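J.: Quick check, what structure comes out for this input:
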Amino acid sequence: MKHRIITLILLLSVMLISWSCKKTESEKLIGTWRWVRSEGGICYHVLTPQSTGQEKLMKILPDDTIEEYVNGKLSGKAEYSVKTESGGCYSDTFKALIVKYKYRITNPDSIVVIPVHYLILTLSDSLVLQEDICDGYRHTYIRE
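T.: So this is what the prediction gives:
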């Protein structure tokens, strides 16, 4: 009887440890990502650092913010969230990275927030994001 109880306790302990080690999509996104390619659009274009002359980094921070750098200079900062949703142009359900970009309009006190939805197609040592619009671009990054 004692042997069964000890075995059960050990089994439950291993299960709890393995569940606690799994990262959420948001946790997996955290880090610095180097842009390597974008492709898509109505006329289908392929953009790379070589073709644009722009080295881009995206830093996804644990405080739910994204910092974007172009050629080493901070070009933008936005809030983000990760949700499961069905794509607007796609019938499947995906994890989506929703970036809330802020834009100033004519009056300096007027700020418009435009949430942009990116479907997370790949998330490992590479990150592939598909803009959730028809003819949107697919952006590929590698983890730094």
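
J.: Check the spacing between Asp63 and Glu27 real quick.
T.: Computed as CB to CB, to the nearest Å, the Asp63 to Glu27 distance reads 13 Å. Backbone N, C-alpha and C define where each C-beta goes, glycine included.

J.: Spatially central, which residue of the chain would that be?
T.: For the chain, the residue nearest the mean C-alpha position is Leu97 (4.8 Å; CA atoms, centre = their mean).

J.: Quick check: that residue touching Val82?
T.: Yes: under the criterion of CB atoms under 8 Å, Leu97 makes contact with Val82 at 5.8 Å.

J.: Which neighbours do these two have in common?
T.: 29, 120 (CB atoms under 8 Å, 6 or more residues apart in numbering).

J.: Helices along the chain, start to end?
T.: 2-20, 25-29, 49-52 (DSSP state H).

J.: Would you single out the least confident of the ones you listed?
T.: Of all the helices of the chain, mean pLDDT reaches its minimum on helix 2-20 (a mean of 54).

J.: Which strand residues bridge Tyr103?
T.: Counting by DSSP bridges, Tyr103 is bridged to Val112.

J.: same check, this time on Leu97
T.: As assigned using DSSP bridges, the partners bridged with Leu97 are Val82, Tyr118.

J.: For Lys83, see how far away it is.
T.: 9 Å.

J.: again with Ser126
T.: Ser126 is 21 Å from Lys83, by CB to CB.

J.: Okay, strands next: where are they in the protein?
T.: 31-40, 45-47, 56-61, 65-70, 73-86, 93-104, 111-123, 126-131, 137-143 (DSSP state E).

J.: which of the residues in the fourth one are buried?
T.: Along strand 65-70, these residues count as buried under the neighbour rule (16 or more other CB atoms under 10 Å): 66, 68-69.
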